[in-house]
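Undergrad: using only what follows, build the 3D model:
(one chain, ligands or ions: 1)
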Amino acid sequence: MIIEHDPNKVREQVKAWKKEGLTVGLVPTMGYLHEGHKSLIDRAVKENDRVVVSIFVNPIQFGPTEDLDKYPRDLNADSKLCEESGVSLVFNPQPSDMYADDFSTYIKESGPTEELCGKSRPVHFSGVCTVVNKLFNIALPDRAYFGQKDAQQLAVVRRMVRDLSMDIKIVGCPIVREPDGLAKSSRNIYLSPEERKAALVLSRAVKKGQELVDAGETDGDKIIDQMKALIEAEPLAKIDYVEMVSWDDIKVHHKVDGPILCAMAVFIGNTRLIDNFIRE
Ligand code: PAF
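TA: Numbers count the residues shown, from 1 in each chain. Here you go, the predicted structure:
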């Protein structure tokens, strides 16, 4: 397995593979890999001749008061997981490899980015779209893999690929959970034992919402109110948002009469966690 920080060398390697007629899958990550990432990597390894995993904590998708500096990093463990999973190349650039001092070109999507996390994290999706674009231009993938835990991100990337006529298939993969239901996230490491217990309100609220939809409830406001009530009963939890939107154009929607996404962001102490379910 190759570990490379230089974007030009990565592109040269991928071009050499493509010359041989090999297909390339890309799994973009910020590292500190867990079983959620592993499920994306496994699928990419199954569906492509070569797999590139990018590990890059992208500074431009963090707001000034967010957790860029303390975001967990462990390149040794990540490389081991990648090697054991059959990854061909780990792309691990430094910020200076990706952004020149006078970098000044950003992608701004203005549809699915407007709701949910887009409201509370104003620079986030422009940073994501810009870096994903760069990663696509460096790794030249046939397919790229994104987790459904970041459902809005998946919708935004799909929209960008469609709007900018990129010849890349975006593959969305299901949420991977801990045995007790908590969605796997690199940020779970921030939780104290007490907060870890409290964090279960997110998956319990997801389950509640799913049960209501399964039982035939179509009133979005009723569904969201019950999910919120469950979260509000937990003293360590503070809701950023719990909302129903249409899937996958992420427009405010109040009725289960087509594909919908119920998504939430909740602070447990200082840690902001997200979770969701989709009904197609
Ligand atoms: O989902 C993530 O980890 C990041 O947003 C991504 C897609 C790797 C871009 O930095």
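Undergrad: who in the chain is up against the ligand?
TA: 28-30, 58, 61, 128, 131-132, 150, 153 (CB under 6 Å from any ligand atom). For glycine as for every other residue, the C-beta is placed from the backbone atoms N, C-alpha and C.
Undergrad: rerun at 8 Å
TA: Proximity of the chain to the ligand is confined to 28-30, 54, 56-58, 61, 127-128, 131-132, 135, 146-147, 150, 153, 157, 186 under the rule CB under 8 Å from any ligand atom.
Undergrad: in PyMOL, how would I select the buried members of those residues?
TA: Remark: buried members of the residues of the chain next to the ligand, expressed as a PyMOL selection using 16 or more other CB atoms under 10 Å:
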select buried, resi 28+29+30+54+56+57+58+61+127+128+131+132+135+146+147+150+153+157+186
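Undergrad: from the residues of the chain next to the ligand, which land in helices?
TA: 127-128, 131-132, 135, 153, 157 (DSSP state H).
Undergrad: now distance to residue 223 and pLDDT too, for those, in JSON lines please.
TA: Output for those, formatted as JSON lines (distance: CB to CB, whole Å; pLDDT from 0 to 100):
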{"residue": "127", "distance to residue 223": "31", "pLDDT": "98"}
{"residue": "128", "distance to residue 223": "28", "pLDDT": "98"}
{"residue": "131", "distance to residue 223": "34", "pLDDT": "98"}
{"residue": "132", "distance to residue 223": "31", "pLDDT": "98"}
{"residue": "135", "distance to residue 223": "36", "pLDDT": "98"}
{"residue": "153", "distance to residue 223": "23", "pLDDT": "98"}
{"residue": "157", "distance to residue 223": "27", "pLDDT": "98"}
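Undergrad: ok, these vs residue 1, which is closest?
TA: Closest to residue 1 out of those is residue 135 (18.0 Å), distances taken as CB to CB.
Undergrad: how many other residues sit next to residue 84?
TA: When neighbours are counted by other CB atoms under 10 Å, residue 84 registers 11.
Undergrad: what ranges does this protein have for its strands?
TA: Using DSSP state E, the strands found in the chain span residues 2-4, 24-29, 50-55, 89-91, 143-147, 169-173, 237-246, 260-268, 271-279.
Undergrad: I'd like the ones you listed as JSON lines, with mean pLDDT appended.
TA: As requested, these are exported to JSON lines (pLDDT from 0 to 100):
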{"stretch": "strand 2-4", "mean pLDDT": "98"}
{"stretch": "strand 24-29", "mean pLDDT": "98"}
{"stretch": "strand 50-55", "mean pLDDT": "99"}
{"stretch": "strand 89-91", "mean pLDDT": "98"}
{"stretch": "strand 143-147", "mean pLDDT": "99"}
{"stretch": "strand 169-173", "mean pLDDT": "98"}
{"stretch": "strand 237-246", "mean pLDDT": "98"}
{"stretch": "strand 260-268", "mean pLDDT": "98"}
{"stretch": "strand 271-279", "mean pLDDT": "98"}
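Undergrad: need those strands in CSV with distance to residue 208, can you?
TA: Listed next are the strands of the chain as CSV, based on distance: least, CB to CB, whole Å:
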stretch, distance to residue 208
strand 2-4, 43
strand 24-29, 30
strand 50-55, 35
strand 89-91, 39
strand 143-147, 22
strand 169-173, 23
strand 237-246, 11
strand 260-268, 10
strand 271-279, 10
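Undergrad: looking at those strands, which is nearest to residue 68?
TA: strand 271-279 (13.4 Å).
Undergrad: against which helices or strands is the closest one packed?
TA: helix 200-214, strand 260-268 (3 or more CB pairs under 8 Å, 6 or more residues apart in numbering; DSSP states H and E).
Undergrad: tell me which residues in the first one are buried?
TA: With burial defined by 16+ other CB under 10 Å, the residues of helix 200-214 counted as buried are 200-206, 208-210, 212-213.
Undergrad: nearest to the ligand among those residues?
TA: residue 202 (17.4 Å; CB to the nearest ligand atom).
Undergrad: understood, closing this out.
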